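Asker: Provide a 3D model corresponding to the input given below.
(one chain, ligands or ions: 1)
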Amino acid sequence: MSKIHHSFKEDIIKGLTSFPKSLPSKYIYDKNGDKLFQEIMAMPEYYLTNAEFEILDQHKTRICSEFAKDGDFDLIELGAGDGKKTKILLKELIKNDFEFHYLPIDISQNVLMELKETISKEIPEVDIETKQGTYFNVLTELDEYRHRKKVILFLGSNIGNLLHENAIKFLKAIRNNMHQHDMLFIGFDQKKNPQTILDAYDDKAGITERFNKNLLLRINDTFDANFDLDHFLHWETYNPESGTAMSYLVSKIHQAVEIKKLSMKVEFKAWETIHVEISQKYNEEVINWLADQSGLKVHSSYTDEKSFFKNYIFTKA
Ligand SMILES: C[S@@+](CC[C@H](N)C(=O)[O-])C[C@H]1O[C@@H](n2cnc3c(N)ncnc32)[C@H](O)[C@@H]1O
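Answerer: The predicted model follows:
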């Protein structure tokens, strides 16, 4: 049994026997989940991708020369996905003949295979090695990359999937694997009109709903379960005070679901929830606080025209 299959099993047991129920969003990403996320990125409501794309495109020269200013480096990307935006930086680095080795890490083997294939077609000069795993597990293996400068990318506001407490733990773990010249480049989605944020996670076409429900579909396929997707609805909330968007799957009826391979029967009361995802939104004060708590300092930051999104380069404090 693979490490990820094992942790999927453990997380289902823990999440569906707890009150309130929850399931981690990282398991949404398989072949179907990856495709649905690509559809999300193409939705007009999902401003995050375009905003970060604009930042990287506008500031690529400065960002890449910061990355490469000390010579050769390892470019390590956490949760790389399809690399749509990373490719802007990869092209710029290649254009300038900067020497680097690209190591995208993702929980989805499918997306890594697609990424490797598209990079070999579009930017064949890139020296790429993919690694499947979760952020936390792979972090401990970063020691191997200590022989030269590391630049760690964490794009797409993936950090927003972590509550502040876990984000600090995570940033501290990265920081402890960083040397003096290493850099951490993170994208943070910013607080903005609450309606804009709600719309990004609650599109009219129902793509986000299908994306979140892929978690149930995956449990059906992997563990021989009988979740009926029509008996759940997708519900999004956004708290403009805390900056936290939450995605839930809500049981429309009183029902029992059987997960045969885990020998489980899970009872849902009518309107009972499964918490699936958190997407935290930030402002400058919160980002400075996170950095401070984690032993990092801001080196530089970049934003888009509407100030919807912000990318930061951090170094060790
Ligand atoms: C929201 S997508 C963003 C992809 C890309 N960074 C971007 O900005 O377009 C999140 C990606 O991170 C991966 N992922 C999510 N949780 C993860 C985890 N805990 N460990 C490793 N990869 C994870 C998913 O498979 C997916 O490819």
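Asker: drop to CA atoms for contacts and neighbour counts, all remaining ones
Answerer: Noted.
Asker: what's the burial count for F37?
Answerer: F37: 20 surrounding residues under other C-alpha atoms under 10 Å.
Asker: Am I right that it is in a helix?
Answerer: Yes. The secondary structure assignment for F37 places it in a helix, going by DSSP: H, G, I helix; E, B strand; the rest coil.
Asker: I'd assumed R210 was in contact with it.
Answerer: No. Checked against C-alpha atoms under 8 Å, the pair F37 and R210 is beyond contact range at 9.9 Å.
Asker: now the residue of the stretch 151-300 of the chain found nearest the ligand, nearest residue through space, not along the chain?
Answerer: The nearest approach of the stretch 151-300 of the chain to the ligand comes at G156, 3.1 Å away (C-alpha to the nearest ligand atom). The shortest distance from G156 to any residue other than its chain neighbours is 5.7 Å, reached at G187 (C-alpha to C-alpha, 6 or more residues apart in numbering).
Asker: Quick check: the one you found vs N158, distance?
Answerer: Using C-alpha to C-alpha, to the nearest Å, we find G187 at a distance of 8 Å from N158.
Asker: next one: S7
Answerer: Spatial separation of S7 from N158 under the definition C-alpha to C-alpha is 20 Å.
Asker: how about the residues of the stretch 151-300 of the chain that lie near the ligand?
Answerer: With the criterion set to C-alpha under 6 Å from any ligand atom, the stretch 151-300 of the chain comes near the ligand through 155-156, 158.
Asker: which residues does K269 contact?
Answerer: Contacts for K269 were tallied using C-alpha atoms under 8 Å, 6 or more residues apart in numbering; they are 251, 253-255.
Asker: which residues of the protein fall in helices?
Answerer: Here the chain has its helices, by DSSP state H, at 3-17, 31-41, 47-67, 86-95, 109-122, 135-139, 164-176, 194-200, 207-223, 284-294.
Asker: how about these in a markdown table, adding mean pLDDT?
Answerer: Supplementary listing: these in a markdown table, determined by pLDDT from 0 to 100:
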| stretch | mean pLDDT |
| --- | --- |
| helix 3-17 | 95 |
| helix 31-41 | 98 |
| helix 47-67 | 98 |
| helix 86-95 | 98 |
| helix 109-122 | 98 |
| helix 135-139 | 81 |
| helix 164-176 | 95 |
| helix 194-200 | 98 |
| helix 207-223 | 98 |
| helix 284-294 | 98 |
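Asker: In TSV: these, plus distance to E272.
Answerer: Converted to TSV, these look like this (distance: least, C-alpha to C-alpha, whole Å):
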stretch	distance to E272
helix 3-17	11
helix 31-41	24
helix 47-67	30
helix 86-95	39
helix 109-122	32
helix 135-139	30
helix 164-176	26
helix 194-200	21
helix 207-223	15
helix 284-294	32
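Asker: for the residue nearest to G156, which residues make a bridge with it?
Answerer: Beta-bridge pairing of G187, defined through DSSP bridges, involves N311.
Asker: got the contact list for it?
Answerer: 52, 154-159, 309-312.
Asker: what about H147, how many residues close to it?
Answerer: Number of residues near H147 (other C-alpha under 10 Å) recorded here: 9.
Asker: what's the distance between A42 and L36?
Answerer: Using C-alpha to C-alpha, which is the criterion applied here, A42 is 10 Å from L36.
Asker: The two: who's more crowded?
Answerer: Between A42 and L36, counted using other C-alpha under 10 Å, the more crowded position is L36 (21 against 13).
Asker: Now do the contacts for the closest residue to N32 other than its chain neighbours.
Answerer: Leaving out its chain neighbours, the residue that sits closest to N32 by C-alpha to C-alpha, 6+ apart is N214, at 7.4 Å. When contacts are counted by C-alpha under 8 Å, 6+ apart, N214 is found next to 28, 32-33.
Asker: ok, back up a step: I'd like the residues of the stretch 151-300 of the chain next to the ligand as TSV, with neighbour count, distance to H275 and pLDDT appended.
Answerer: Output for these, formatted as TSV (neighbours: other C-alpha atoms under 10 Å; distance: C-alpha to C-alpha, whole Å; pLDDT from 0 to 100):
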residue	neighbour count	distance to H275	pLDDT
L155	23	23	98
G156	22	21	98
N158	17	17	98
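Asker: Please tabulate these in a markdown table, including the columns distance to A80.
Answerer: Supplementary listing: those in a markdown table, determined by distance: C-alpha to C-alpha, whole Å:
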| residue | distance to A80 |
| --- | --- |
| L155 | 8 |
| G156 | 9 |
| N158 | 10 |
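Asker: List just the nearest of those to P24.
Answerer: Within those, distances to P24 taken as C-alpha to C-alpha reach their minimum at N158, with 13.3 Å.
Asker: Now rank the contacts of G187 by neighbours and give me the top one.
Answerer: Using other C-alpha under 10 Å as the neighbour definition, the contacts of G187 reach their maximum at F309, which records 29 neighbours.
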